[in-house]
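1. Make a model of this:
(one chain, ligands or ions: 2)
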Amino acid sequence: MKIVATPALSSARGPASMATLFKCRGVLTRSSIFFPHHKSSHFLSPGNLIPRFPTVTYSTMSKFQLKWGILATGGIAESFARDLWPNPETRDVKDIEHKVVAAASSSSAKRAEDFLKEVRAVDGAKAYGSYKELVQDPNVDIIYVATPHSHHYQNVRLCLEAGKNVLCEKAFTTNAAQLETLVKIAKEKNLFLMEAVWTRYFPLSIYVRDIITSGKIGTVYRTYADLSMSMAPEDTFDDKHRMVNPDLAGGALLDLGIYALTWVFQTLYHTQKNPQPPSSVLGAIRKYKTGADEHTSMLLTFPRESGGDAHGIATTSMRVAADPDGKGTAGPSIRIQGSDGEIQVFHPAYRPSRTKFIHKDGTVDEKKWEFPGPGKGSGWKNGFGGGWQNEGEGQGMYWEADECAYALRDGRKEGKYESLEESVVIMRVMDEVRKQNNMKYPEKIETVDYPVDL
Ligand SMILES: NC(=O)C1=CN([C@@H]2O[C@H](COP(=O)(O)OP(=O)(O)OC[C@H]3O[C@@H](n4cnc5c(N)ncnc54)[C@H](OP(=O)(O)O)[C@@H]3O)[C@@H](O)[C@H]2O)C=CC1
Ligand SMILES: O=C1OC[C@@H](O)[C@H](O)[C@H]1O
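-> Residues are numbered from 1 along each chain as shown. Ligands and ions are numbered 1, 2, ... in the order given. Just a heads-up that it's a prediction; the model follows:
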């Protein structure tokens with residue numbers, strides 16, 4: 001069966017057509033492009049957007065269907081599940097589709113039921129009042145784990161022990177020992193396991209990595225990467241909130257610093273033929289009153305077989321901002337510096353949409369990405385009271401979801417843009433930074449014991 005979706009009112013390009021109605025999946029839905037109505041720096045400014053109103057031919061024949069179970073119903077669970085809704089063909093992905101077939105909430109089955117409605121799950125999707133019930137559902141192919149960092153080890157292990165494939169939110173675990181244990185279990189059970197660092201699967205990340213591996217930027221000597229979001233934690237979070245609560249492995253390092261490290265690793269490690277872990281790591285931490293880190297800076301040295309080292313500088317903060325005026329005037333958040341040029345990537349590091357490649361001769365290539373998808377209803381909701389931040393068309397979390405579908409279809413057990421081994425190396429770096437700064441989480445969330453009732 002094929003459904004052709006065309007702009008019902010106009011095929012004109014440009015701002016006037018932004019509210020164009022689209023026919024899709026047999027229903028009329030409004031297309032709106034990611035507009036800010038919140039001062040947060042999560043947003044693209046309208047001027048950065050390229051209106052796009054394609055004619056899309058939807059095919060429902062012979063697709064690989066991935067059936068998702070969602071474990072936890074908080075902010076990012078909702079954003080992710082909503083991103084599974086847009087038809088993948090709107091992003092030129094023609095051979096897979098996603099279905100949310102179940103969700104579990106540790107609060108109540110009613111909460112899971114409401115969640116399933118909010119994210120437009122399939123008819124008959126199952127709502128569970130415990131994670132243990134979800135992992136027993138034979139209809140679920142893969143579970144997306146969206147609990148706080150502190151719970152990832154216990155929750156992922158629950159899924160793996162029950163024979164489920166897993167996509168787990170970042171940071172993967174609280175420490176490397178926990179992650180190594182999960183990787184071992186996944187391998188023994190021949191299950192797929194991936195860290196949900198969605199940034200790796202963005203077209204912009206693929207573009208940047210391609211520039212590096214093609215040699216166009218020459219030898220890469222240094223990457224600066226920052227993800228800092230000024231949140232005035234004392235005004236924004238109570239001390240129990242997951243962002244600042246050590247019992248939930250809160251703090252800038254695991255929550256935001258992972259993205260700065262992602263940029264350092266995907267430019268200085270992942271792109272190497274024979275990647276070597278950093279030969280040295282130096283970290284500095286400024287603590288918040290709860291004991292969680294509010295501000296962390298890291299200097300990593302990557303050995304090079306050709307001699308000399310490459311340096312990665314990764315910084316993160318809840319106290320100061322990478323983009324203080326929300327307009328990008330502070331310049332790029334990420335600078336990848338090579339012998340033949342520099343690649344710049346603009347805030348936010350986790351959801352990059354704008355980049356510049358400045359060649360050695362001074363010429364500049366600029367690229368921008370928009371976030372396509374049909375219909376109102378896919379939106380970003382953060383976990384700390386921001387509420388809906390836009391009525392956009394999807395946030396780009398679907399790209400990591402697509403990777404899960406392709407991996408399961410093709411029998412791969414890891415994500416292709418971040419191996420489990422690379423996730424472990426990054427977790428070891430974070431361990432080392434915490435160790436140097438005497439920052440520990442409570443034993444019950446750092447242990448590899450299982451099961452532990454948190
Ligand atoms: N990729 C991205 O861009 C983002 C990723 N994240 C990541 O997602 C994860 C969750 O973050 P977020 O959704 O913002 O968090 P929320 O606090 O909004 O949601 C977490 C959910 O986990 C469940 N949960 C189980 N036990 C606890 C507990 N003891 N305390 C609090 N919640 C508990 C609850 O769901 P229930 O009651 O249904 O069981 C809760 O709603 C983190 O790992 C974070 O780093 C967060 C934001 C953005
Ligand atoms: O992953 C994340 O990215 C966006 C941030 O707002 C959020 O705190 C973090 O968890």
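2. List the contacts of the residue positioned nearest the centre of the chain.
-> With distances taken as Cα atoms, centre = their mean, the residue of the chain nearest its centroid is Trp198 (2.8 Å). By Cβ atoms under 8 Å, 6 or more residues apart in numbering, the contact list for Trp198 reads Tyr350, Arg351, Gly396, Met397, Trp399, Glu400. In this view, the C-beta of every residue, glycine as well, is placed from N, C-alpha and C.
3. In the helix or strand that contains Val166, which residues are buried?
-> Secondary structure from DSSP states H and E places Val166 in strand 165-169. If you call a residue buried by 16 or more other Cβ atoms under 10 Å, then strand 165-169 has these buried ones: Asn165, Val166, Leu167, Cys168, Glu169.
4. likewise stretch 240-253?
-> 241-253.
5. how close does the residue nearest to the centre of the chain get to Phe80?
-> 9 Å (Cβ to Cβ, to the nearest Å).
6. who touches both of the two?
-> Met397.
7. Tell me what Gln337 is bridged to.
-> Gln337 forms beta bridges with Arg222, Glu342, as assigned by DSSP bridges.
8. so who does it touch?
-> Val220, Tyr221, Arg222, Thr223, Tyr224.
9. So which residues of the stretch 301-450 of the chain form strands?
-> 309-317, 334-338, 341-345, 354-359, 364-368 (DSSP state E, counting those that start in this stretch).
10. thinking again about what came up before, strands paired with the strand holding Val166, and their directions?
-> The strands that strand 165-169 pairs with in its sheet are strand 142-145 (parallel), strand 193-196 (parallel) (by DSSP bridges).
11. looking at those, which is buried most?
-> Comparing these by mean neighbour count (mean count of other Cβ atoms under 10 Å), strand 193-196 ranks first with a mean of 27.
12. could you give the mean pLDDT of that strand?
-> The average of the pLDDT scores along strand 193-196 is 98.
13. how about that strand, does it get close to ligand 2?
-> No: judged by Cβ under 6 Å from any ligand atom, strand 193-196 stays clear of ligand 2, getting no closer than 8.9 Å.
14. would you list the strands paired with strand 165-169 in JSON lines and tack on distance to Leu179?
-> Listed next are the strands paired with strand 165-169 as JSON lines, based on distance: least, Cβ to Cβ, whole Å:
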{"stretch": "strand 142-145", "distance to Leu179": "13"}
{"stretch": "strand 193-196", "distance to Leu179": "9"}
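15. how about these, which one is nearest ligand 1?
-> Closest approach to ligand 1 among these is made by strand 193-196 (5.9 Å; Cβ to the nearest ligand atom).
16. Next, the angle strand 354-359 makes with the helix or strand following the closest one.
-> Downstream of strand 193-196, the first helix or strand assigned by DSSP H and E is helix 203-213. Between helix 203-213 and strand 354-359, the angle comes out at 20 degrees (axes from the mean of the first three to the mean of the last three Cα atoms, to 10 degrees).
17. got the angle for helix 203-213 vs strand 341-345?
-> 170 degrees.
18. Show me what counts as buried in helix 203-213.
-> Leu204, Ser205, Tyr207, Val208, Arg209, Ile211, Ile212.
19. before we move on, what about stretch 166-186?
-> 166-183, 185-186.
20. low-confidence ranges in the protein?
-> 1-61, 371-393 (pLDDT under 70).
21. those helices in it, which residues are they?
-> Applying DSSP state H to the chain gives helices spanning 75-83, 109-118, 131-135, 149-161, 176-188, 203-213, 233-236, 252, 258-268, 398-410, 420-436, 443-446.
22. Could you see whether ligand 1 lies near the third one?
-> No: using Cβ under 6 Å from any ligand atom as the criterion, no contacts between helix 131-135 and ligand 1 are found, and the smallest distance is 7.2 Å.
23. Report the buried residues of that helix.
-> Quick answer for helix 131-135 (16+ other Cβ under 10 Å): Tyr131, Leu134, Val135.
24. and what of the second one?
-> Taking 16+ other Cβ under 10 Å as the basis for neighbour counts, the residues of helix 109-118 that come out buried are Ala109, Arg111, Ala112, Glu113, Phe115, Leu116.
25. Relative to His270, which of those is nearest.
-> Phe115 (34.1 Å; Cβ to Cβ).
26. Pretty sure that closest one sits against Ala77.
-> Yes: the criterion here is Cβ atoms under 8 Å, and Phe115 meets it with Ala77 at 7.2 Å.
27. follow-up on the earlier one: wait, which of the buried residues of helix 203-213 is closest to Thr290?
-> Ser205 (32.4 Å).
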